[in-house]
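Trainee: only geometry, no sequence info:
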DNA sequence: GGCATATAGTTGTTTATGCAACTAAACAAA
DNA sequence: TTTGTTTAGTTGCATAAACAACTATATGCC
């Protein structure tokens, strides 16, 4: 992909990822309107726990593309608002298994509903084919830089 | 775009924007390797000043999709490392015009080179057609949520 | 001119990120 | 068993984001 195929202005949109930023902001706003007081970062952790409860912090790092300090502090804050608990693993005492509280579990339905609504707002007028290609490109970019 | 066209796992990539995050991190790393000590957020401000020097903070907000406090503090930090100066406008004394220092101007060549290289790394193996569609989708998402 | 309103920018607070340095447990090799 | 290495997680520090509340200047209207 030679340089000269890009105009500077186009380059910028890619790097700063304004579209995904916009989705994140909208999601946060939609959570707030539903009186759900969690950040999108917290949501992204909960999202993986809803799929599989009791993940270790390291597994959450891999799943959310965050580093260990970020997960430490996100889990700190999720514990503070009583949505998850740390329980140290019996197999390997180095590991914390992060387990949803009942309140944490109860949030899944409504949060995933809001996430779906938000995505539909974001993708209005975009065809299924376009979405598939966009996903492919994003995935390739991610793989290239891994 | 009905809900059932999305699997949950796909939804997630869109919202968290891991690809653009990855590009940002790589860019930062490439700057660091070239001994350029600026953040990608600072770069995104400089980028617009290189295109047009003497923008107001409000213009930088619009250009970078950031809010006013964010720009205030990015300009604070850019002033601290002596890459820009605030000069209050004579036409409208409410406005600060942000002007590149000589050092700030000198960074353009090498920084834009690194940005281009980074983008080429990121987009290796992605066709021009795919990129065009991805850009369209991101633009539509942004417009939908504006 | 004087008052209401809009606009430009700043400050405070909470949350999150990235990096480096750290502790503690597990594991592997001699 | 002791020594060195890897792995899991935490802490400290600087930078940045989002939101609300604030100051100061400009503008529009009577």
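Mentor: Right, received. Where do you want to start? Remember, predicted model here, so these are calculated numbers, not experimental data.
Trainee: where exactly do the helices run in chain A?
Mentor: Assigned by DSSP state H, the helices in chain A fall at A:8-16, A:18-33, A:40-51, A:57-64, A:68-80, A:102-122, A:128-145.
Trainee: what does chain A put close to DNA strand C?
Mentor: Taking C-beta under 7 Å from any atom of the strand as the measure of proximity, chain A contacts DNA strand C at A:39, A:41-42, A:66-70, A:73-74, A:77, A:92-94. Where you see a C-beta, it was placed from the backbone N, CA and C, and this is true even at glycine.
Trainee: repeat that for 6 Å
Mentor: Residues of chain A found near DNA strand C (C-beta under 6 Å from any atom of the strand) are A:39, A:41-42, A:66-67, A:69-70, A:73-74, A:77, A:92-94.
Trainee: quick revisit: weakest of the helices of chain A in terms of mean pLDDT?
Mentor: Ranked by mean pLDDT, the helices of chain A bottom out at helix A:8-16, which scores a mean of 64.
Trainee: so which residue is dead centre in chain A?
Mentor: Most central in chain A under C-alpha atoms, centre = their mean is residue A:44, positioned 3.2 Å from the mean C-alpha point.
Trainee: count of neighbours near the residue nearest to residue A:108 when sequence neighbours are not counted?
Mentor: Using C-beta to C-beta, 6 or more residues apart in numbering or on different chains and skipping residues adjacent in sequence, the residue nearest residue A:108 is residue A:50, 4.6 Å away. Other residues lying near residue A:50 total 18 when counted by other C-beta atoms under 10 Å in any protein chain shown.
Trainee: ok so, going back, so what's the residue lying closest to the residue nearest to the centre of chain A once chain neighbours are set aside up against?
Mentor: The shortest distance from residue A:44 to any non-neighbouring residue, by C-beta to C-beta, 6+ apart, is to residue A:64 (5.2 Å). Residue A:64 makes contact with A:44-45, A:48, A:71, B:16 under the criterion C-beta atoms under 8 Å, 6 or more residues apart in numbering or on different chains.
Trainee: residue A:106: how many residues sit nearby?
Mentor: 12.
Trainee: in stretch A:108-123, what counts as buried?
Mentor: By neighbour count on 16 or more other C-beta atoms under 10 Å in any protein chain shown, the buried set for stretch A:108-123 is A:111-112, A:114-115, A:118-119, A:121-123.
Trainee: meant to ask about stretch A:84-95, not that
Mentor: For stretch A:84-95, burial by neighbour count (16+ other C-beta under 10 Å) applies to A:84, A:95.
Trainee: tell me the mean pLDDT over that stretch?
Mentor: Stretch A:84-95 shows an average pLDDT of 94 in the prediction.
Trainee: do that stretch and DNA strand D meet at all?
Mentor: Yes - shown here: stretch A:84-95 in contact with DNA strand D (C-beta under 6 Å from any atom of the strand) through A:94-95.
Trainee: the nearest residue to residue A:87 once chain neighbours are set aside: what's it in contact with?
Mentor: Closest residue in space to residue A:87, ignoring its immediate chain neighbours: residue A:97 at 5.1 Å, by C-beta to C-beta, 6+ apart. Contacts for residue A:97 (C-beta under 8 Å, 6+ apart) come out as A:54-56, A:86-89.
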